[in-house]
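Asks: Model the following, please.
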Amino acid sequence: MARLEVGDILPDFRYETPFERGLFMSSTACKANKTALVFLRYYGCTLCQYDMHEIADHYQRILEGGSQLLVVLQSEPKKLAQQLTPDAFPFSIVCDPQQELYHRFEIMPARSKESMLDSATLRKIEKARQLFSHGEYEGEELQLPAVFVFDGRLSISYVHYGKTAGDIPGTDELIALLT
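Replies: Numbering: from 1, shown residues only. The predicted structure follows:
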């Protein structure tokens, strides 16, 4: 499949969270005006933990706009279920340990560790290290992020393929995209 673009219809897919199985994105998307799907690396990654907590801190503003957000991680659902409670985050975590969605939507890893870092990402990593401890490594360590926003019919209105490990829209930008 080619990279997603604005105007495309997101192909429906079945997914699981640490606490639920057999969900379909089409059924999830129709519950909100807009949905953001944020692809990160894995839960043990301090940078990913930082991004997830930043989103969680502002999630009420997303809900107030009638929207929702899901985070996709390369983590095993059983491992996350052991580490988290069902209400640890106000959004669902889509588990993709085999990276099927990353491949399907052509969310590529960086060519090297050096190429996935820029000054903004390094500053973000420093903040993350002050707040979180690195956990178990999972998935593709060089994985880059991506963000897709779509409506209840899976029609995509925003596409962002990250160029560095920390390259996702900030929470204010995400909220603006969802309202």
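
Asks: Show me the strands in this structure, by range?
Replies: 14-15, 23-24, 34-39, 68-73, 92-95, 146-151, 156-161 (DSSP state E).

Asks: wait, which of the ones you listed is closest to Met108?
Replies: strand 156-161 (7.9 Å; CB to CB). C-betas here are computed from N, CA, C, even on glycine.

Asks: For that closest one, buried residues please.
Replies: Using 16 or more other CB atoms under 10 Å as the test for burial, strand 156-161 gives 156, 158-161.

Asks: Then stretch 98-113?
Replies: Of the residues in stretch 98-113, those buried (16+ other CB under 10 Å) are 99, 101-102, 105, 107-110.

Asks: now the spatially closest residue to Glu5 that is not a sequence neighbour, which residues is it bridged with?
Replies: Leaving aside its chain neighbours, Glu5 sits nearest to Val159 (5.9 Å; criterion: CB to CB, 6 or more residues apart in numbering). Legend: beta-bridge partners of Val159 under DSSP bridges are Phe148.

Asks: Can you give me every residue that contacts Val159?
Replies: 3-6, 146-148 (CB atoms under 8 Å, 6 or more residues apart in numbering).

Asks: and with 6 Å instead?
Replies: 4-6, 148 (CB atoms under 6 Å, 6 or more residues apart in numbering).

Asks: Quick one: neighbours of Val149, just the number.
Replies: For Val149, the count of nearby residues is 23 (other CB atoms under 10 Å).

Asks: how about the helices in the chain?
Replies: Using DSSP state H, the helices of the chain run over 25-29, 46-57, 59-64, 77-83, 100-104, 119-131, 171-178.

Asks: closest to Thr17 out of those?
Replies: Short answer: helix 77-83, nearest of these by CB to CB, at 6.6 Å.

Asks: So what's the gap between the lowest-mean-pLDDT helix or strand in the chain and the chain middle?
Replies: Least confident helix or strand of the chain, by mean pLDDT, DSSP states H and E, is helix 119-131 with a mean of 81. Centroid separation between helix 119-131 and its chain, computed with CA atoms, centre = their mean, to the nearest Å, is 18 Å.
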